[in-house]
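Chemist: My questions are about this predicted structure, shown below with the sequence.
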Amino acid sequence: MDSIIFSLLSSGIGAVIGTLLGEHFITKKEEERKKEVRAIALKAINVIKQYANGENTYDMTSAEFNNKMSLAEKRTVIVVLHKLGIPIIIPPTTVFRIESISFEKKPISKDELSAIEAQIEKGYCDHLFYLDPEKYFDENVRLRTVRSTAIRWVREVFSNSVIDHNARQVIYPNNWFDSFSYGEQCAINVFRSRTAVEWYFNIKNEADINKMDQLVRDIEVGLWDTSLYCDIENYQNLTANTSINSQMTLFMQNMMNGQNQQQ
């Protein structure tokens, strides 16, 4: 009996020790893996940090960054870098290419890079490593495309338009649509309709440059996304129904006012 109990205790203790040792090795291996990917991210920061002198900008680092960072290394850390504020250029109308990373022409701040290094070293970004960069950067490619089209239309067409204040009608440059594909024209139809208002023009009937610049900024931050995703037929049906409802409401009010006056 004693031997059976001893055997059971030995097996139990052995299982517990085995489990604890297994968990210890798994935890240790996981921590080593995290340190390895953090080191890759720090390597990327150091490549950029070499240029953090004077008035150097991020775009100056693009060539060296792509040469010194392997494809696997870039794939591991590029999402983390973008999330932490490194100004990676995301193509507005094409898919993201991990083979050739480009940076914006933005001044490099050594203090900002040091702060990013601290976040990486402390493990605050561990959950972002290995996120698929193509999926991360390309999931909103359509949105970036229509925003880019709308911005181009504002700068090339709307900013060169005039308004007839009497007719409350915007007059666009002749044949403006020649430089836009049919798909692009369809994509900005609702946006174009909603921006065709006097507010964007000055007393000389010309486009107000400051308001045009503000319109571009509004597009960039997503304030016009609803219009850029709205189908023109749905928009026209909505405005038609709204107009009919307004007319019916006015008609009913007039009828009630007439009845009250008769009484």
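Modeler: The structure has been received and is ready for your questions.

Chemist: how about Asn56, what does it touch?
Modeler: Pro107, Ile108 (Cβ atoms under 8 Å, 6 or more residues apart in numbering). For the C-beta atoms, the positions are set from N, CA and C on the backbone; glycine is no exception.

Chemist: now it: how far from Lys110?
Modeler: If you measure Asn56 against Lys110 using Cβ to Cβ, to the nearest Å, the figure is 10 Å.

Chemist: just Val80 next, same as before
Modeler: If you go by Cβ to Cβ, the gap between Val80 and Lys110 works out to 19 Å.

Chemist: of the two, who's got more company?
Modeler: The residue with more neighbours, out of Val80 and Lys110 and counting by other Cβ atoms under 10 Å, is Val80; that gives 25 against 12.

Chemist: Just to check, the more buried one is in contact with Gly123?
Modeler: No - between Val80 and Gly123 no contact is recorded; they are 11.4 Å apart, counting by Cβ atoms under 8 Å.

Chemist: and the gap between the nearest residue to Tyr51 once chain neighbours are set aside and Leu113?
Modeler: If the residues on either side of it in the chain are set aside, Tyr51 comes closest to Thr61, at 5.1 Å by Cβ to Cβ, 6 or more residues apart in numbering. To Leu113, Thr61 is 11 Å away according to Cβ to Cβ.

Chemist: now Glu206
Modeler: Taking Cβ to Cβ as the criterion, Glu206 is separated from Leu113 by 45 Å.

Chemist: With neighbour numbers in mind, choose between the two.
Modeler: Under the neighbour definition other Cβ under 10 Å, Glu206 and Leu113 were set side by side, and Leu113 has more, 19 against 13.

Chemist: Tell me how many other residues crowd the residue lying closest to the more buried one once chain neighbours are set aside.
Modeler: In this structure, Leu113 finds its nearest non-sequential neighbour in Lys49, 5.1 Å apart by Cβ to Cβ, 6+ apart. Taking other Cβ under 10 Å as the criterion, the count of residues near Lys49 is 17.

Chemist: And for Glu30?
Modeler: 11.

Chemist: Please report phi then psi for it.
Modeler: Glu30 has phi and psi values of phi -70, psi -40 when expressed as degrees, to the nearest 10.

Chemist: where along the chain do the helices fall?
Modeler: Assignment of helices within the chain using DSSP state H yields the ranges 2-49, 62-68, 71-83, 110-121, 133-138, 141-156, 182-187, 189-195, 209-220, 225-228, 232-262.

Chemist: Which residues are in contact with Ile108?
Modeler: Per Cβ under 8 Å, 6+ apart, neighbours of Ile108: Ile48, Lys49, Tyr51, Ala52, Asn56, Thr57, Tyr58, Thr61.
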